[in-house]
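Student: fold the stuff below for me.
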Amino acid sequence: PGDTTELVIDMVNDKEITSVEFELELPDGLSIPLDDDDEYLISTTERASSSHLVSSNKNGNVYIVLINSQKNKNFTGNDGAVARVQILAKNTFKSGTITVSNIELASANETAVYPDPISLVILPSVTVTIQNAERAYGAANPEFTYTTSEDIDLTGKVTFTTEATATSDVGDYVITGTSTATDVNVTFVNGKLTVTPAALTVTANAKDKVFGDDDPALTYETTGLVNGDQLTGSLTRDKGENVGTYAIKQGTLAASSNYTLTFNGANLNIAAKTVTEPVIEFAESTFTYSGAELKPAITVKDGETTIPAEEYTVAYDDNTNVGTATVTITDKANGNYTVSGTTTFTITPKAVTTPTIVLAETSVAYDGTAKEPAVTAVKDGETTIPAEEYTVSYSNNTNSGPATVTITDKDGGNYTVSGTKTFTI
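Tutor: Predicted coordinates:
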C-alpha cells in the first residue's frame, strides 16, 4: 500500500512476433500512473526494437495495451519480458487479482488471439512482530508471542524458533518465524530472547574443631546449579588458631557468568582442648627449706606438647616448711586448654654444719649446783634458727672449769643442725 511496483509481462514464442496486444484488468486500489506526458507508465524491454511503440488506453479498470512495430520488426528471442508496467497501490489496497486477457500476437503473416485470462492473485500482507522474551539460564524457552499489523488470524499458521536451548549461555538470541499460511503473505520482524543469569545460592556449612587439630574441610550446599555445572575455587575462613569463632567466607569460590551467586556464610568454632592427664614437671630436682615460700618453676605438658604458661594459673600449698608441698594448676577462662591437675614436691631440712650458738652468760660462779646459762640464739649465718627447731643439753656444768652446751635438731624440723658451745664455771 502506497508504493509502486513493477509488473513484468513475459512472452514465450516459437514464431516471430512483431506486435503484442492485451487487456490488463486491475482490481480496485491498483492503477497505472501517468508520466509527465500523460502516458501510462508502460515500457518495452530489450526484446523490442527501436521501432516498437507502446500505446494504451483505459476503460474502467481495464487497460488496453499495444506494443507494435511500425516497421514490422520482430521481438528478439523466444523467451523473456516484452513489457514492464508500473503499478501504484493505494494506501487502502489489501488484496486482489490482476488479469491479463484477450492476448493477441501478430507476425507479418498471421495473427493469433488467446482469449483465456491469465491471473495473478495478490494476497493480503501482514507483518508479524515477534515479541522479545526473557528467561533464566537453564530454564526451558517460554512460549513466544507476537503481534500482527493486520487483523488476520494466524493461529496454528506461524512457528517460532531460536538457537537457544536450556544449556545456552547467558546472552541474546534471535527469535525467527516461519509461516504455513497460503492465503496471506507473512513478513516477520525477528524478536530477541534474552537469557539471564540463573539465581544460585551457596550456603557454607558450620564447622567445629578442637584447638590444635587440623582444620576440617570447608564444605557448602548449593541451590540453583543446573546442567551439571560445578563451582570453582574454595571457601576460606578468618585467620586465627586460638579458641574462638571464625567466619567462613566465600574465598575464591565462584560460578560462571551464567549465575548470580548469593553466598550465606557460617562459622568455624574452635573449642578448648581438654587435657585429662597433664604432666607437671619441675625445673629443679631438689628443694631445701629456706624460711620463705618455695615456688619452683614448672612446665605443663600434654603428652609431648608444652602447654604455654599463659594458659593456666599455678597455686602452691604447704610450700614453706619441711614436708610435702602441693602445686595446683587451673586453666584460665577462655583459654585454649581445659586443664587442671596437682603434683607434689618435697622440702628437705636445711643442713647447718657450723651454727653460731649465743649464750646469755659465758662465765658463771660455782655454787655447787648445775649451771644452765640460757641459749639466747642459734644462728645460721645472720639467720636465727627458731628455738623450737632444736633441743639444748648441758654437760660438766656443776664443778668449776669448762662446761658444755650441746644443741641437737628435732626430728621433722626445718633444720638439720647440731653443735656445742662452752662456758666457764
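Student: any buried residues in stretch 191-211, and which?
Tutor: Counting neighbours by 16 or more other Cβ atoms under 10 Å, one finds that the buried residues in stretch 191-211 are G191, L193, V195, P197, A198, L200, T201, V202, A204, K207, F211. Where you see a C-beta, it was placed from the backbone N, CA and C, and this is true even at glycine.
Student: any idea how far the first one lies from T236?
Tutor: Applying Cβ to Cβ, to the nearest Å, one obtains 44 Å for the distance of G191 from T236.
Student: now tell me what touches stretch 90-98 from outside.
Tutor: 1-2, 7, 24-31, 87, 119-125, 150 (Cβ atoms under 8 Å, 6 or more residues apart in numbering).
Student: of the residues you listed, which belong to strands?
Tutor: In strands, judged by DSSP state E, the following of these are found: L7, L24, E25, L30, S31, I87, S119, L120, V121, I122, S125.
Student: quick check: of those residues, which has the highest neighbour count?
Tutor: Neighbour counts for the ones in strands among the contacts of stretch 90-98 (other Cβ atoms under 10 Å) peak at L24, which has 24 neighbours.
Student: now do the same contact list for that residue.
Tutor: L24 touches L7, I32, V62, Y63, I64, V65, V85, I98, T99, V100, counting by Cβ under 8 Å, 6+ apart.
Student: PyMOL command to pick out the buried ones of the residues you listed?
Tutor: Buried members of these, defined by 16+ other Cβ under 10 Å, are picked up in PyMOL with:
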select buried, resi 7+32+63+65+85+98+99+100
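Student: what's the mean pLDDT across stretch 12-25?
Tutor: Taken as a whole, stretch 12-25 has a mean pLDDT of 93.
Student: buried sites along it?
Tutor: N13, I17, T18, S19, V20, E21, F22, E23, L24, E25.
Student: try stretch 318-325
Tutor: Those buried within stretch 318-325 under the rule 16+ other Cβ under 10 Å are N319, T320, V322, A325.
Student: which of these fall within strands?
Tutor: Counting by DSSP E, the buried residues of stretch 318-325 contribute A325 to strands.
Student: can you redo the buried residues of stretch 318-325 as TSV with pLDDT?
Tutor: Putting the buried residues of stretch 318-325 into TSV (pLDDT from 0 to 100) gives the following:
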residue	pLDDT
N319	97
T320	97
V322	96
A325	97
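Student: neighbouring contacts of the lowest-mean-pLDDT helix or strand in the chain?
Tutor: One helix or strand of the chain scores below all others by mean pLDDT, DSSP states H and E: strand 52-59, with a mean of 90. Strand 52-59 has contacts (Cβ under 8 Å, 6+ apart) with 32, 39-40, 42-44, 63-70, 73, 75, 83.
Student: what about the residues you listed, which are in helices?
Tutor: Secondary structure from DSSP state H places none of the contacts of strand 52-59 in helices.
Student: selecting buried members of those residues in ChimeraX, what would you type?
Tutor: Restricted to buried positions by 16+ other Cβ under 10 Å, the ChimeraX selection for the contacts of strand 52-59 reads:
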select :32,40,42,44,63,65,66,67,68,69,73,75,83
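Student: what is the burial count for T252?
Tutor: Neighbours around T252, by other Cβ under 10 Å: 10.
Student: wait, it touches L231, no?
Tutor: No - counting by Cβ atoms under 8 Å, T252 stays clear of L231, with 9.8 Å between them.
Student: for A198, see how far away the closest residue to A255 other than its chain neighbours is.
Tutor: Spatial nearest neighbour of A255, chain neighbours left out: L261 (5.0 Å); criterion: Cβ to Cβ, 6 or more residues apart in numbering. Separation of L261 from A198 (Cβ to Cβ): 10 Å.
Student: over to K371?
Tutor: On the measure of Cβ to Cβ, K371 and A198 end up 114 Å apart.
Student: D238 too?
Tutor: In terms of Cβ to Cβ, D238 sits 30 Å off from A198.
Student: what separation is there between the most centrally placed residue in the chain and D215?
Tutor: Compute the mean C-alpha point of the chain, and by Cα atoms, centre = their mean the closest residue is A254, 3.8 Å away. Separation of A254 from D215 (Cβ to Cβ): 21 Å.
Student: bridged to the nearest residue to Y63 once chain neighbours are set aside, which residues?
Tutor: In space, and not counting its chain neighbours, Y63 is closest to L24: 4.5 Å by Cβ to Cβ, 6+ apart. Per DSSP bridges, residues listed as beta-bridge partners of L24: Y63, V100.
Student: select from the buried residues of stretch 12-25 every entry located in helices.
Tutor: Short answer: these have none in helices (DSSP H).
Student: show me those that map onto strands.
Tutor: S19, V20, E21, F22, E23, L24, E25.
Student: report the two of those residues separated the most.
Tutor: Farthest pair in those (Cβ to Cβ) is S19 and E25. Separation: 20.4 Å.
Student: measure stretch 318-338 end to end?
Tutor: 25 Å (Cα to Cα, to the nearest Å).
Student: again, but for stretch 153-170
Tutor: Counting by Cα to Cα: the opening and closing residues of stretch 153-170 are 34 Å apart.
Student: pull out the buried positions in that stretch.
Tutor: Quick answer for stretch 153-170 (16+ other Cβ under 10 Å): L154, K157, V158, F160, T162, A164, S168, V170.
Student: now do it: everything it contacts.
Tutor: 126, 128, 130, 137-141, 144, 146, 148, 173-181, 184, 186, 191, 193, 195-197, 226-227, 257-258.
Student: buried members of those residues into PyMOL, please.
Tutor: Of these, the buried ones can be selected in PyMOL as follows, counting by 16+ other Cβ under 10 Å:
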select buried, resi 126+128+130+137+138+141+144+146+173+175+177+179+181+184+186+191+193+195+197+258
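Student: in strands only, show me the contacts of stretch 153-170.
Tutor: Per DSSP E, those map to strands at 126, 128, 130, 146, 148, 173-179, 186, 191, 193, 195-196.
Student: one step back: looking at the buried residues of stretch 153-170, which is nearest T398?
Tutor: V170 (121.9 Å).
Student: next one: that closest one relative to A140, how far apart?
Tutor: Distance from V170 to A140, by Cβ to Cβ: 16 Å.
Student: thinking again about what came up before, which one of the buried residues of stretch 318-325 sits closest to G291?
Tutor: For those, the nearest to G291 is T320 (7.6 Å; Cβ to Cβ).
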